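*Asks:* show me the folded form of this:
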Amino acid sequence: MARIPEEKIDEVRTSVNIVHYISQFINLKKAGQNFKGLCPFHTEKTPSFMVSPQKQIFHCFGCGRGGNVFTFVMDYNKINFIEAVQRTADFAGILLPKQEEASPEEISFFERLYNINESACSFFEKSLAKPQYKKHLEYIKNRQISEETIKSFRLGFAPDSYDQLLMHLQKEKFPLEEAEKLGLLQKREKSAGHYAKFRYRIIFPFQNISGKIMGFGGRKLEEKQQPKYLNSPENPIYNKGSILYGLHQAVNAIRKEGYVILVEGYFDLLRLVENGIKNVVASSGTALTEDQVKLIRRYTRDVYITFDSDDAGVKAAFRSAVVIEKGNLNAFIISLPDGEDPDTFVLNNGIKEFIKLIKQKQLPVDFQISRFLQQNSSPGIEQKNTFLDEVLNSLLEIKNSLKIGLYIHQLSDKLQIKESFLIDQLNKLKRYHSKYAAAEVTPKDEEESTLIIRKGAHKAEAGILGVLINGTKEEQDYILQKISLDLIENEDFIKLFEYLLHEIEDRGSLDSSKLISSFQQDASLSKLISELMLVEFDNGIKFSRDCLYQLRKWQLEKKSNEILTLIKEEEGSPEALMHYKQQLMDFRKQLNNLEREQRKIK
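*Replies:* Residues are numbered from 1 along each chain as shown. Take a look at the predicted model:
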């Protein structure tokens, strides 16, 4: 297959002014900092097609088409990416290298990326074994991890050096730009060249099921280092939401035991493996995804979750259980004593005690009820209402009716609430959510269906992402401190938000010029990004504050309206009315407090 070197593609993209190129085909007129014209991709009378010379992107607010100059050439001429690069290069007068079919002996792009990671992994392993770094090997051994386990999981050490890994990769003659794409190197800002991104960290390689190195996680060795864990960025061979740490080593044990144990951290996993429990994988501190559940489904249907015993760990465990059961697998939770995680529990109590806990595993709802009653020995009506609302809403995610019936029975038995009442409330929630989904604004025709950003909450969500993409470091930090992911509902927005969060936290900044290129193969996200890059605001912090207020307000109003509907349907049931009216009071109180705070700010 014909290829164009990536550095040449970047040269073409940065050499062509998108306004000049598109002006060949449509009449563009100046509109503020941008240019506006009639969209060439759909029929319109009022111009809604915008081109930004500053950001080198286009976007149509009528049909949703958008992207960079390559996207325009591909869509306008109905050609593939390689042909689009060639046409754009012709326009710029750039001579591309002769395109030749790759010979059978030529290493493919993906294979080369894997080879770079493999070479880096070997470098980190050898560094850990060097006499001058003995104390770092001892750090791992002092955590009672044997040399056998260290070798099995290919643990390594990144020296406190900006150039040792760089020189190693140069010696191996690997393209440094590709090592940069993998997150191993970073470009210097004030001078030419690169430097090693992983420094003074214990390295945990991420392997795919066949053992190839997809990426790395680095744990800090000094308190002042930030962040605690530094991971490879998403790239062509690594997607953090699609892998599970340790799965390569665990597959045979999972098949043998018939279940998998899911933990959060690297050392939780290594501790269990070290003590003979090998059917274990780690989510590596990220929220469990549907892709990871699909991966697990290849090998077992039973997942035992054991996370940290603090509130965050407990909530994460239950969220993971919902995702697992939504994927039609069976979730169980292994409960640990307060203040423990799998690593510390086994170190303090021994593996036999942990095996006892495995045998005492609980269904997610049993675990939830037990914890609720443990924290509320004599719960009042308000506490029960809040808890039931949380549990019943989580049951909506589960498709297995037998499992739902079992959970309803458990709730009824342990909370002393009539089973018929719980079933009735669950059915009403289902009906309401169905009505709500049907009542959402639907596009009138296919062209309108590509319009991603709509009014209301979608507009506020877009505003938040627009500031993250276009704002200053101070404005980005403000959002990251104030926002919680549950405020964002649009799936594309969530996916992009997680990418932006990773880039900003991991790299310390965001290169918006390369943002569309990162999602060149994802049409919907390319369109979304092109629109968000045109979001304008005078004061990013004030704009973000208003968007966050609108999202919180909308969320509370939505919940209040849901409850009002249920109250109307429950006029004949005093018990249900009391339950819903209490909830309505709570939501309205929160809404009043939110509006009061907003008025103070203004």
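
*Asks:* isn't residue 556 up against residue 587?
*Replies:* Yes. In this structure, residue 556 is within contact of residue 587 by Cβ atoms under 8 Å, at 5.4 Å. For every residue, glycine as well, the C-beta is placed using N, CA and C.

*Asks:* check what pLDDT the spatially most central residue of the chain gets.
*Replies:* The chain has residue 498 as the residue nearest its centroid, 4.3 Å off, counting by Cα atoms, centre = their mean. On the pLDDT scale, residue 498 is placed at 76.

*Asks:* and the one 5 residues further on, by the same measure?
*Replies:* On pLDDT, residue 503 comes in at 75.

*Asks:* that one contacts residue 231, correct?
*Replies:* No. Using Cβ under 8 Å, residue 503 is not in contact with residue 231; the gap is 11.8 Å.

*Asks:* so which helix or strand takes in the nearest residue to residue 175 once chain neighbours are set aside?
*Replies:* The spatial neighbour of residue 175 that comes closest, neighbours along the chain excluded (Cβ to Cβ, 6 or more residues apart in numbering), is residue 112 at 7.6 Å. Here residue 112 sits within helix 109-129, counting by DSSP states H and E.

*Asks:* contacts only, for the closest residue to residue 181 other than its chain neighbours.
*Replies:* With Cβ to Cβ, 6+ apart as the criterion, residue 181 has its nearest non-adjacent residue at 5.4 Å, and that residue is residue 235. Residue 235 makes contact with 113, 181-183, 215, according to Cβ atoms under 8 Å, 6 or more residues apart in numbering.

*Asks:* make it 7 Å
*Replies:* If you count contacts by Cβ atoms under 7 Å, 6 or more residues apart in numbering, residue 235 has them with 181-183.

*Asks:* and if you look at residue 358?
*Replies:* With contact taken as Cβ under 7 Å, 6+ apart, residue 358 is in contact with 304, 334.

*Asks:* mind listing what's buried in the particular helix or strand that has it in it?
*Replies:* Element membership for residue 358, per DSSP H and E: helix 351-359. When burial is assessed from 16 or more other Cβ atoms under 10 Å, helix 351-359 yields the following buried residues: 351, 354, 357.

*Asks:* and the first one, how far from residue 246?
*Replies:* Residue 351 sits at a distance of 17 Å from residue 246 (criterion: Cβ to Cβ, to the nearest Å).

*Asks:* could you confirm residue 203 falls within a strand?
*Replies:* Yes. Under DSSP: H, G, I helix; E, B strand; the rest coil, residue 203 sits within a strand.

*Asks:* list the beta-bridge partners for it.
*Replies:* residue 156, residue 218 (DSSP bridges).

*Asks:* from residue 180, how far off is it?
*Replies:* Distance, residue 203 to residue 180, using Cβ to Cβ: 18 Å.

*Asks:* same question, residue 319
*Replies:* Residue 319 sits 34 Å away from residue 180, going by Cβ to Cβ.

*Asks:* ditto for residue 321
*Replies:* Distance of residue 321 to residue 180, given as Cβ to Cβ: 38 Å.

*Asks:* more neighbours: these two, which one.
*Replies:* Between residue 321 and residue 180, counted using other Cβ atoms under 10 Å, residue 321 has the larger neighbour count: 26 against 16.

*Asks:* okay, and that one sits in which element?
*Replies:* helix 311-326.

*Asks:* so which other helices or strands are in contact with that helix?
*Replies:* In terms of contacts (3 or more Cβ pairs under 7 Å, 6 or more residues apart in numbering; DSSP states H and E), helix 311-326 is packed against helix 290-297, strand 302-305, strand 330-333, helix 364-375.

*Asks:* and those: which comes nearest residue 199?
*Replies:* Within these, the stretch nearest residue 199 is helix 290-297; the backing value is 29.2 Å (Cβ to Cβ).

*Asks:* report the angle between that closest one and helix 311-326.
*Replies:* 70 degrees (axes from the mean of the first three to the mean of the last three Cα atoms, to 10 degrees).

*Asks:* buried sites along helix 290-297?
*Replies:* Buried residues in helix 290-297, defined by neighbour count with 16+ other Cβ under 10 Å: 292-293, 295-296.

*Asks:* what is the nearest of those residues to residue 303?
*Replies:* residue 296 (6.1 Å).

*Asks:* could you double-check that the closest one sits in contact with residue 305?
*Replies:* No. Here residue 296 lies out of contact with residue 305, judged by Cβ atoms under 7 Å, at a distance of 11.3 Å.

*Asks:* for the stretch 351-500 of the chain, which segments count as helices?
*Replies:* Along the stretch 351-500 of the chain, the stretches classed as helices by DSSP state H, counting those that start in this stretch are 351-359, 364-375, 381-395, 401-415, 419-439, 446-449, 457-470, 473-482, 491-507.

*Asks:* equivalent analysis for the stretch 1-150 of the chain, please.
*Replies:* Under the criterion DSSP H, counting those that start in this stretch, helices of the stretch 1-150 of the chain are mapped to 6-15, 18-22, 69-77, 81-92, 109-129, 134-142, 147-152.

*Asks:* please identify the buried residues of the last one?
*Replies:* If you call a residue buried by 16+ other Cβ under 10 Å, then helix 147-152 has these buried ones: 149-150.

*Asks:* rounded mean pLDDT for that helix, please.
*Replies:* The average pLDDT within helix 147-152 is 96.

*Asks:* packing partners for that helix?
*Replies:* In terms of contacts (3+ Cβ pairs under 7 Å, 6+ apart), helix 147-152 is packed against helix 266-274.

*Asks:* how far does the helix it packs on sit from its chain's centre?
*Replies:* Taking Cα atoms, centre = their mean, to the nearest Å, the mean C-alpha location of helix 266-274 is offset from the chain mean by 24 Å.

*Asks:* show me the shaky parts of the stretch 401-550 of the chain.
*Replies:* 432-457, 485-486, 505-508, 512-513, 520-523 (pLDDT under 70).

*Asks:* which of the residues in stretch 541-560 are buried?
*Replies:* If you call a residue buried by 16+ other Cβ under 10 Å, then stretch 541-560 has these buried ones: 541, 543-556, 559-560.

*Asks:* ok, stretch 317-336 next?
*Replies:* Residues of stretch 317-336 classed as buried by neighbour count (16+ other Cβ under 10 Å): 317-327, 329-336.

*Asks:* so residue 321 makes contact with residue 364?
*Replies:* Yes. Look at residue 321 against residue 364 with Cβ under 7 Å: they come within range, at 3.9 Å.

*Asks:* what residues are shared contacts of those two?
*Replies:* Common neighbours of residue 321 and residue 364 (Cβ under 7 Å, 6+ apart) are 331, 333.

*Asks:* can I get the helices and strands packed on helix 311-326 in TSV including mean pLDDT and distance to residue 81?
*Replies:* Output for the helices and strands packed on helix 311-326, formatted as TSV (pLDDT from 0 to 100; distance: least, Cβ to Cβ, whole Å):
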stretch	mean pLDDT	distance to residue 81
helix 290-297	86	25
strand 302-305	96	39
strand 330-333	94	41
helix 364-375	87	45
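
*Asks:* turn those into a markdown table, including distance to residue 42.
*Replies:* Below are the helices and strands packed on helix 311-326 laid out as a markdown table (distance: least, Cβ to Cβ, whole Å):
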| stretch | distance to residue 42 |
| --- | --- |
| helix 290-297 | 33 |
| strand 302-305 | 46 |
| strand 330-333 | 46 |
| helix 364-375 | 47 |
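
*Asks:* so who does residue 371 touch?
*Replies:* With Cβ under 7 Å, 6+ apart, residue 371 has these contacts: residue 314.

*Asks:* if we use 10 Å, what do you get?
*Replies:* 309, 311, 314, 318, 333, 335, 362 (Cβ atoms under 10 Å, 6 or more residues apart in numbering).

*Asks:* what about residue 599, neighbour count?
*Replies:* Counted with other Cβ under 10 Å, residues neighbouring residue 599 total 8.

*Asks:* now residue 499. Nearest residue, chain neighbours left out?
*Replies:* Per Cβ to Cβ, 6+ apart, closest to residue 499 is residue 234, 6.6 Å.
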